[in-house]
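1. Structure for this input, please:
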Amino acid sequence: GLQGCFFAIALQELAGISHDAIRIYDPAPRLLDTWLRQTAACGMSHLRSSSSHSIHPDFNHLRNFARSRGIDLWKPGPFSMPYHRPSLELFNDHAAHCIGEYRLESLHVRARVDRLLPGGGIGIAAEELPGIALYAGGFQHGGLNIPPWTEDLRRRGIPADHVFSPETPAAAELRPIIVGSGISGFQYALREIREGRKPILVTRREPEIYRFDFDPCFIGPRCRPRLDEALCNGGAEARMELILQHRYSGTIPEEIYREFRHSERIGNAELLIEPDQDRLVAAIAELAESTPSRVVFCTGFARPSAAEWKPAGLE
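-> Next comes the predicted model:
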């Protein structure tokens with residue numbers, strides 16, 4: 001993923017580790033496979049983070065990449081304000097450039113790591129490989145967050161699946177009923193609108209507007225002492241709990257919300273808010289049965305606890 005590629009480059013650029021001493025273990029067929037598939041699935045157009053963030057440790061690297069290709073940093077399209085947020089296309093082009101420049105694909109080993117060894121190294125099935133291991137597994141350990149009442153819809157013959165499920169079929173002729181109030185739900189709704197469909201977005205709460213999906217204080221030095229204190233007093237689990245507490249999942253940036261509400265005002269989308277779960281499920285079923293529809297869950301990932309986040313063998 002993005003983190004693994006970032007560390008593979010940072011180890012070479014900042015720590016002086018030789019290219020041939022590094023390996024990236026991931027069962028996917030290509031680097032960034034999950035990122036590329038999921039961002040395409042939800043219809044992302046621009047990143048939520050600034051152009052300072054990329055898979056290269058130099059915070060100017062993506063902007064310099066754009067300049068080298070004659071892209072104006074102030075031109076709408078490749079960048080979106082504020083913070084010069086790069087388009088997904090530009091970000092992916094830059095990532096592919098970095099992967100090629102640092103020959104990261106040659107470091108990719110298609111294997112699933114089962115555990116980190118207490119003395120250093122990794123375990124793959126019965127094999128143990130010594131070395132220094134960096135865990136870069138992201139926040140998807142809990143798996144897709146699919147509500148338990150999904151089966152009720154399927155028993156009624158209503159197609160229902162998660163937007164990030166690899167098995168989610170394309171059904172352009174069916175009206176999309178989108179479940180979720182976070183950024184993936186609104187992005188997916190805007191994608192459907194662009195493709196000429198009129199989605200209904202349903203949620204149990206009012207959308208929450210927030211620029212980032214985390215507290216930006218933790219990027220720079222201001223909040224670093226809090227992370228160090230948590231690590232010193234409670235170990236890796238306490239540090240991770242602090243990070244999880246300051247992630248704002250289920251929120252959306254203002255410009256995406258504003259674009260959706262404009263589409264709603266001109267009749268290209270609907271927003272249904274129903275706090276009661278039973279009434280919400282009944283409303284979804286009624287909508288799906290009145291007009292051939294498919295239910296798409298944009299409900300993110302099941303959030304693991306800090307203890308569940310910790311990979312086996314990580315002490």
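
2. Show me where the chain has its helices.
-> Secondary structure of the chain (DSSP state H): helices located at 2-13, 33-41, 61-68, 88-101, 150-155, 183-194, 224-245, 254-265, 277-290, 306-309.

3. Among these, which comes closest to Leu129?
-> Set against Leu129 and scored by CB to CB, these come closest in helix 2-13, at 16.0 Å. The way it works is simple: take the backbone N, C-alpha and C, and place the C-beta from them, glycine included.

4. who touches the closest one?
-> Outside helix 2-13, the residues that touch it by CB atoms under 8 Å, 6 or more residues apart in numbering are 17-19, 22, 24, 26, 31-32, 35, 54-58, 95, 98-99, 102, 104, 107, 134, 136-138.

5. what does stretch 257-268 give?
-> 186, 189-190, 193, 198, 201, 207, 209, 269-271.

6. same question, stretch 38-56
-> Applying CB under 8 Å, 6+ apart, the set of residues contacting stretch 38-56 from outside is 2, 5-6, 9, 13, 59-63, 66, 73, 79-80, 83-88, 91, 94-95, 98-99, 163-164, 168, 183-184, 187-188, 190-192, 194, 212-213, 253, 298.

7. can I get the contacts of stretch 257-268 in JSON lines with distance to Leu287, neighbour count and pLDDT?
-> Written out in JSON lines, the entries for these read as follows (distance: CB to CB, whole Å; neighbours: other CB atoms under 10 Å; pLDDT from 0 to 100):
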{"residue": "Phe186", "distance to Leu287": "18", "neighbour count": "28", "pLDDT": "95"}
{"residue": "Ala189", "distance to Leu287": "15", "neighbour count": "31", "pLDDT": "96"}
{"residue": "Leu190", "distance to Leu287": "20", "neighbour count": "21", "pLDDT": "95"}
{"residue": "Ile193", "distance to Leu287": "17", "neighbour count": "20", "pLDDT": "95"}
{"residue": "Lys198", "distance to Leu287": "12", "neighbour count": "15", "pLDDT": "94"}
{"residue": "Leu201", "distance to Leu287": "11", "neighbour count": "25", "pLDDT": "97"}
{"residue": "Pro207", "distance to Leu287": "19", "neighbour count": "22", "pLDDT": "92"}
{"residue": "Ile209", "distance to Leu287": "26", "neighbour count": "13", "pLDDT": "91"}
{"residue": "Ala269", "distance to Leu287": "13", "neighbour count": "24", "pLDDT": "96"}
{"residue": "Glu270", "distance to Leu287": "9", "neighbour count": "15", "pLDDT": "96"}
{"residue": "Leu271", "distance to Leu287": "13", "neighbour count": "19", "pLDDT": "96"}
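
8. re earlier: pull out the buried residues from the contacts of stretch 38-56.
-> With burial judged by 16 or more other CB atoms under 10 Å, the buried subset of these is 2, 5-6, 9, 61-63, 66, 79-80, 83-88, 91, 94-95, 98-99, 163-164, 168, 183-184, 187-188, 190-192, 213, 253, 298.

9. Count the neighbours of Ile132 for me.
-> Using other CB atoms under 10 Å, the number of residues around Ile132 comes to 10.

10. actually Gly250, not the one I typed
-> Gly250 sits with 19 neighbouring residues when counted by other CB under 10 Å.

11. Distance-wise, check it relative to Ala236.
-> To Ala236, Gly250 is 25 Å away according to CB to CB, to the nearest Å.

12. Run through the bridge partners of Arg294.
-> Taking DSSP bridges, one finds Pro176 as the beta-bridge partners of Arg294.

13. Provide a list of residues in contact with it.
-> With contacts defined as CB under 8 Å, 6+ apart, Arg294 is in contact with 158-160, 171, 174-177, 288.

14. quick check, nearest of the residues you listed to Glu128?
-> Ala160 (42.0 Å).

15. That closest one pairs with what?
-> On DSSP bridges, the residues paired with Ala160 through beta bridges are Val295.

16. Surely it is in contact with Thr150?
-> Yes. Ala160 is within contact range of Thr150, at 5.2 Å (criterion: CB atoms under 8 Å).

17. which of those two has more neighbours?
-> Each of Ala160 and Thr150 has its neighbours counted (other CB under 10 Å); Ala160 has more, 23 against 18.
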